[in-house]
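> Sequence first, then the predicted structure, then my questions.
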Amino acid sequence: MKTLLLSLLCLFVWNQTTEALTDQQVVLGQSVTLACEYRLKGVIWFVMKPARPEMILRTFGTGKAEYYDEKFRENYSEGDRSQLVINNVSGEDLGIYYCVKPGFALQISDGIRLHTTEV
């Protein structure tokens with residue numbers, strides 16, 4: 001199921017234009033909070049990276065997110081109402097983040113491109 005969902009997300013995102021992106025500049029080492037446009041209790045967050053997309057977590061509005069890989073537990077957490085909090089941002093965290101409204105017909109948000117001007 002996870003592989004099918006990732007495949008569908010990739011297909012959808014690669015067909016979108018860059019006009020649907022919001023740029024958010026970050027300072028490496030700081031924390032950043034990304035807000036999902038759907039403002040629901042439960043959403044799925046994933047990030048597009050040059051190599052491949054990675055599903056990060058699913059929120060439930062309880063503060064107890066479900067992580068798709070335990071490696072994300074250290075830097076990512078659920079914020080208020082569908083927010084994704086990234087702690088101690090590193091170069092590895094840069095990419096385009098999307099939230100997904102779960103359900104029978106998945107709805108994918110516009111992307112948030114995390115970037116830094118630091119070298």
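That came in fine, so what should we check first? Just so you know, these numbers come straight off a predicted model, no measurement behind them. Numbers count the residues shown, from 1 in each chain.

> What's the separation between the closest residue to Leu106 other than its chain neighbours and Gln30?
Distances taken as C-beta to C-beta, 6 or more residues apart in numbering place Val100 nearest to Leu106, at 5.6 Å, with adjacent residues excluded. No exception for glycine: its C-beta is placed from N, CA and C like everyone else's. The gap separating Val100 from Gln30 is 26 Å, by C-beta to C-beta, to the nearest Å.

> The two: which has the busier surroundings?
Val100 (21 against 11; other C-beta atoms under 10 Å).

> Could you report the distance from the more buried one to Asp69?
Taking C-beta to C-beta, one finds Val100 at 17 Å from Asp69.

> now do Val47
According to C-beta to C-beta, Val47 and Asp69 sit 12 Å apart.

> Could you name every residue contacting both of the two?
Glu54 (C-beta atoms under 8 Å, 6 or more residues apart in numbering).

> Can you name the residues bridging to the residue nearest to Leu106?
Under the criterion DSSP bridges, Val100 forms beta bridges with Ile44, Ile108.

> I figured it was touching Val43, is that so?
Yes - with contacts counted by C-beta atoms under 8 Å, Val100 reaches Val43, the gap being 6.2 Å.

> okay, now Ile86: neighbour count?
Ile86, neighbours per other C-beta under 10 Å, totals 23.

> Surely it touches Gln30?
No - Ile86 lies out of contact with Gln30 (C-beta under 8 Å); the separation is 9.3 Å.

> ok, now which ones touch Thr116?
Contact analysis of Thr116 by C-beta under 8 Å, 6+ apart lists Gln25, Val26, Val27, Leu28, Val89, Gly91, Leu94.

> at 7 Å instead, please
For Thr116, the contacting residues are Gln25, Val26, Val27, Leu28, Leu94, by C-beta atoms under 7 Å, 6 or more residues apart in numbering.

> ok, which stretches of the chain are strands?
Secondary structure of the chain (DSSP state E): strands located at 21-25, 32-35, 44-48, 53-58, 66-67, 76-78, 83-86, 95-101, 107-108, 111-115.

> Please consider this matter closed, and thank you.
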